[in-house]
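Student: Just the structure for this:
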Amino acid sequence: MRLLIIGGTKFIGRHLVDAALTSGHDVTVFHRGQTPPHRPGDVDEVLGDRDGGLGALGDRRWDVVVDTCGYVPRLVRDSATALAGRVDAYLYVSSISAYADVSRPGVDEAAALADPPPPKVEEVTGETYGGLKTACERAAAAVLGDRLCTVRPGLVVGPHDPTDRFTYWPARVAAGGAVLAPGRPERPVQFIDARDLGSWMIALAERGRGGAYNAVGPAETLTMGRFLDVCCTVVATGAEVEWVDETFLLDAGIEPWSQLPLWLPDGGEAAGMMRASNRLAVAAGLAFRPLHETVADTLHWHAGRGRPTATGLSRAREADLLAAWRDRTAP
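Tutor: From the prediction side, this is the model:
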């Protein structure tokens, strides 16, 4: 299979490249040259900017294109139009954030999508991201019809994750001591290893699958408590997890998701974001490696960076919060 990856040099893209090459496909990576591909000798590089620079692709033909970095509908429409006559299928990486209502669990692919922002809005912010992804999906579908496959991941994790949202927890447990954990240990969480996502998307491309899929995991419900138990088992530092009421944390000004990753308060407008249905994706072959493998591999990669995670509480702030919580709950 001849595969064109738009993007392909960072996180999801690099794992896509690995999966495609492992499966024996010919891979072309179209990117701006700001981040070199990690396997430059194994892929065909085409340098260019999708904003006005698609001509660099020439008149070549591919079997499938995977668009990993489409955030602006105008640019997705341009890419789809330029390639429509030269590819058999187009796989677009969207997001769970494209759904209009993620306040309740169980959102599936039939759910309503968020309203797009006005056409001239192209700045990607927390407020516009979901609507822009909706508009990108519609722009691609208008050009490609049933040749479009839309993948909507939730939180993507694993080695080379630039956000550190998942990485914070294995790294924090590895540091030992008292670990502040938000809310309830039985609260469900969802994420998918980028390597599993990449392998599955290549399989979708091979089979020519169309439609839309929620790419979230694992296959069965995972709780925050179980996740942290696995982290503690993998690193074996003797860290002790202390659960702190989420109302207390909100009153203290702690920001869910950013200061304490994987935490979305119960009852909030995003409470169902990590409880989406993955039934269709699993039926289409999405599979998940053991959690302890993702934890161990992510921690190994993080250790090689030699710097703290970019996301999460500072140790000083964590200690202050734990002290205040203990004082509040002391008999």
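Student: can you give me the helices for the stretch 101-250 of the chain?
Tutor: 129-144, 168-174, 194-207, 224-235, 246-251 (DSSP state H, counting those that start in this stretch).
Student: Nearest to residue 314, out of those?
Tutor: Taking C-beta to C-beta, helix 168-174 is the member of the helices of the stretch 101-250 of the chain nearest to residue 314, at 10.9 Å. Where C-beta positions appear, they are placed from N, C-alpha and C, glycine not excepted.
Student: Restrict the closest one to CA atoms and write it as CSV.
Tutor: Listed next in CSV are the C-alpha coordinates belonging to helix 168-174 (Å, rounded to 0.1, in the frame of the first residue of the first chain):
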residue,chain,number,x,y,z
TYR,A,168,2.5,13.0,35.0
TRP,A,169,1.1,10.0,36.9
PRO,A,170,3.8,7.3,36.3
ALA,A,171,6.4,10.0,36.9
ARG,A,172,4.8,11.2,40.0
VAL,A,173,4.4,7.7,41.5
ALA,A,174,8.0,7.0,40.6
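Student: Tell me how far it lies from the chain's centre.
Tutor: Its chain's C-alpha centre and that of helix 168-174 lie 19 Å apart, by C-alpha atoms, centre = their mean, to the nearest Å.
Student: now it: mean pLDDT?
Tutor: Average pLDDT, helix 168-174: 98.
Student: which other residues reach it?
Tutor: With contact meaning C-beta atoms under 8 Å, 6 or more residues apart in numbering, helix 168-174 is reached by 164, 179, 227-228, 231-232, 234-235, 237, 239, 261-262, 295, 298-299, 302, 308-309, 311-312.
Student: And the residues you listed, which of them are buried?
Tutor: 164, 179, 227-228, 231-232, 234-235, 239, 261-262, 295, 298-299, 302, 309, 311-312 (16 or more other C-beta atoms under 10 Å).
Student: Go ahead and flag the most central residue of the chain.
Tutor: By C-alpha atoms, centre = their mean, the mean C-alpha position of the chain lies nearest to residue 156, the distance being 2.8 Å.
Student: list the buried ones in stretch 275-284?
Tutor: Those would be 275-278, 280-282, 284, for stretch 275-284 by 16+ other C-beta under 10 Å.
Student: Next: stretch 320-331.
Tutor: Across stretch 320-331, burial judged by 16+ other C-beta under 10 Å covers 321-322, 325.
Student: now, which of those residues sits nearest residue 119?
Tutor: Nearest to residue 119 among the buried residues of stretch 320-331 is residue 321, at 43.9 Å by C-beta to C-beta.
Student: mind checking the SS state of that closest one?
Tutor: Following DSSP: H, G, I helix; E, B strand; the rest coil, we place residue 321 in the helix state.
Student: which residues sit in contact with it?
Tutor: Residue 321 makes contacts with 180, 244, 249, 252, 254, 313, as judged by C-beta under 8 Å, 6+ apart.
Student: try it again with 10 Å
Tutor: 180, 182, 242, 244, 248-249, 252, 254, 260, 313 (C-beta atoms under 10 Å, 6 or more residues apart in numbering).
Student: Quickly note the distance from residue 161 to residue 98.
Tutor: Applying C-beta to C-beta, to the nearest Å, the value for residue 161 to residue 98 is 21 Å.
Student: Confirm that residue 16 sits in a helix.
Tutor: Yes: counting by three-state DSSP, residue 16 is found in a helix.
Student: show me the contacts for it.
Tutor: Counting by C-beta under 10 Å, 6+ apart, residue 16 touches 3, 5, 7-8, 27, 29, 66, 68, 91, 93, 194-195, 197-199, 201-202, 205.
Student: Select only the buried ones of these in PyMOL?
Tutor: Typed into PyMOL, the line below selects the buried ones among the contacts of residue 16, using 16+ other C-beta under 10 Å:
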select buried, resi 3+5+7+8+27+29+66+68+91+93+194+195+197+198+199+201+202+205
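Student: picking up where we left off before, in a markdown table: the helices of the stretch 101-250 of the chain, plus distance to residue 106.
Tutor: Formatted as a markdown table, the helices of the stretch 101-250 of the chain follow (distance: least, C-beta to C-beta, whole Å):
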| stretch | distance to residue 106 |
| --- | --- |
| helix 129-144 | 18 |
| helix 168-174 | 25 |
| helix 194-207 | 21 |
| helix 224-235 | 18 |
| helix 246-251 | 21 |
